[in-house]
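Asker: sequence-free structure coming up:
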């Protein structure tokens with residue numbers, strides 16, 4: 001069964017703080033992948049929350065950047081069967097350099113069986129974060145043994 005559209009959502013945790021505040025640079029990265037067509041608009045909700053939204057012929061992209069939380073939520077929606085959404089996701093991941101990424105892929109307009117509607121979710125943790133987490137667990141166990 002042919003699907004109408006695809007949606008990729010990204011949750012980026014513990015992003016590089018130097019990259020979160022520069023809205024113009026974020027817009028340039030997005031335009032570099034999708035081209036000059038998307039009309040990117042940005043709006044500051046408050047001092048620590050900015051939204052960037054862009055519409056183009058084959059879909060749209062929406063980013064919410066939370067500077068204080070070091071968190072970025074991205075939605076990439078495409079109406080055509082192409083690799084543009086994955087290229088855009090790679091550019092976003094490369095730019096923000098998060099420690100942890102949660103991505104969810106949805107097939108929109110899939111009129112197949114109801115049991116096939118379940119989204120596919122992937123979680124990826126940066127190698128350095130794994131080392132830090134393992135080190136913290138070892139320290140906790142050593143402290144408990146020392147008591």
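Answerer: Sure thing, it's come through. The model shown is predicted, which means the values in this text are computed figures rather than measured ones.
Asker: CA only for contacts and neighbour counts going forward, please
Answerer: Noted.
Asker: which residues touch residue 16?
Answerer: Residues near residue 16 by C-alpha atoms under 8 Å, 6 or more residues apart in numbering: 70, 96-98.
Asker: may I ask which of the residues you listed has the most neighbours?
Answerer: residue 98 (23 neighbours; other C-alpha atoms under 10 Å).
Asker: pretty sure it sits in a strand.
Answerer: No: going by DSSP: H, G, I helix; E, B strand; the rest coil, the assignment for residue 98 is coil, not a strand.
Asker: what about the residue lying closest to it once chain neighbours are set aside, which helix or strand?
Answerer: Distances taken as C-alpha to C-alpha, 6 or more residues apart in numbering put residue 15 closest to residue 98, at 4.1 Å, once the chain neighbours are dropped. Under the assignment given by DSSP states H and E, residue 15 is not contained in any helix or strand.
Asker: ditto for the one 4 residues further on
Answerer: Element membership of residue 19 [criterion: DSSP H and E] is helix 17-20.
Asker: contacts for that helix next, please.
Answerer: 65-67, 70, 95-96.
Asker: now with 7 Å, please.
Answerer: 65, 67, 70, 96 (C-alpha atoms under 7 Å, 6 or more residues apart in numbering).
Asker: enumerate the beta-bridge partners assigned to the closest residue to residue 65 other than its chain neighbours.
Answerer: Residue nearest to residue 65 in three dimensions, not counting chain neighbours: residue 72, with 4.6 Å by C-alpha to C-alpha, 6+ apart. Note on residue 72: beta-bridge partners by DSSP bridges are residue 12, residue 65.
Asker: sweet, I'm off.
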